[in-house]
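Colleague: Sequence first, predicted model second:
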Amino acid sequence: MKRARNFSAGPAILPESVLEIVQKEMLSYRDSGMSVMEMSHRSSLFENIIEEAEQLLRELMGIPEGYKVLFLQGGASLQFAMAPMNLVKTGKVGYINTGSWAKKAISEAKILGVPHIDVLASSEGDGFTHIPEIPAVDEAYDYIHITTNNTIEGTAFQTIPRFVNAPIVADMSSNILSNLYDVNDFGLIYAGAQKNIGPAGLTIVIVKEDLIQTEKTLPSMLDYRTHIKNDSLYNTPPSFAIYVAKLVFEWLKDLGGVTEMVRQNEEKAGLLYRTIEESSIFTSPIAVDSRSITNIPFVTGDKDLDAKFVKEATNAGFLNLKGHRSVGGMRASIYNAFPYEGVKELTEFMKAFEAKEGKFK
């Protein structure tokens, strides 16, 4: 069976070798006679899975002591609310507005009634085509929120800002494990799993324990302390997604870890960006110094031609290249599991398309 070249922004491509293991173990995990989907989350078999998943993630990201790793549900969107619910102490928080997901995080903080919300920098006026200049911030904040990679717009922080009197809360959904980060630079990291980690339904939270507000009374499921105390097993977790995530972590470790993954991602992205830059019909709407190596938008400048390209690409087996409805054009999401060969095939298709519609430089 030929696999499609799936450029989806999420749920996204998984390593084929991982899917083959899942297939092999689907009916009986380690001769248990049960699928992971069927076994109790209180069983020793599953406890080993979740413990191994945490240790692998800690190793891959260099997560130090003092940080807790949680396997939760609700997607990154739930963390837009859980982060302020658990971390706000003085009532003063800051946000860097770099795109659609940052705007939603700001909106959730407002819904919760956080007393003082400062948008410290924004590129909204420029259509989110770049990461805004981050001002020096001397004031104290309970946290300052950033989105490390903007899935829809195709921008990314090239360096993580430092704030003297505020920890950073980061939505890392679309580039966790695909960029090198020092976890010590963050107070809290959260990420939906469905891009670089595993199936939809799992959310990873990495939180510095001493930042959690202990004076509040929160609903149990929305309280980080509940999940820390119960090792992410307070209720039935997304067990199958955690199992697949563990396999992905093993795959990444065997590959050479995040350092090797970054090298491969830069190679893939570099090929696609060079093709765009050499083209006479395709252009990148994103400022060069803000470009993501994970989500790469491109346009022709003609909506009809964009639609024609997407249709012909789909017919050729290049799926989910249509840009997000809010920005249009095309977008290639080339997450960790996406192979270099697939990017090369796309660039060849782009050149062939251009040969019909225009000229390559």
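Modeller: That came in fine, so what should we check first? Numbers count the residues shown, from 1 in each chain.
Colleague: how's the protein carved up into domains?
Modeller: 17-254, 256-357 (automatic domain parsing).
Colleague: right, so of the ones you listed, which gets closest to residue 9?
Modeller: Closest to residue 9 of the domains of the chain is domain 256-357 (Cβ to Cβ; 4.4 Å). From N, CA and C alone the C-beta is placed, and that goes for glycine too.
Colleague: ok, so what distance separates the residue nearest to residue 213 when sequence neighbours are not counted from residue 225?
Modeller: Of all residues not flanking residue 213 in the chain, residue 89 sits nearest, at 5.3 Å (Cβ to Cβ, 6 or more residues apart in numbering). Going from residue 89 to residue 225 by Cβ to Cβ, to the nearest Å gives 15 Å.
Colleague: likewise residue 255?
Modeller: According to Cβ to Cβ, residue 255 and residue 225 sit 35 Å apart.
Colleague: Show me the helices in the stretch 1-150 of the chain, by range?
Modeller: With helices called from DSSP state H, counting those that start in this stretch, the stretch 1-150 of the chain shows them at 16-25, 44-61, 75-87, 100-111.
Colleague: hey, which of those helices is tucked in deepest?
Modeller: Stretch with highest mean neighbour count among the helices of the stretch 1-150 of the chain: helix 75-87 (a mean of 21; mean count of other Cβ atoms under 10 Å).
Colleague: related to what we said a few turns ago, which one of the domains of the chain lies closest to residue 8?
Modeller: Closest approach to residue 8 among those is made by domain 256-357 (3.9 Å; Cβ to Cβ).
Colleague: I'd like the domains of the chain written out as JSON lines, with mean pLDDT and distance to residue 10 added.
Modeller: Below are the domains of the chain laid out as JSON lines (pLDDT from 0 to 100; distance: least, Cβ to Cβ, whole Å):
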{"stretch": "domain 17-254", "mean pLDDT": "97", "distance to residue 10": "4"}
{"stretch": "domain 256-357", "mean pLDDT": "96", "distance to residue 10": "7"}
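Colleague: between the ones you listed, which gets nearest to residue 5?
Modeller: domain 256-357 (4.5 Å).
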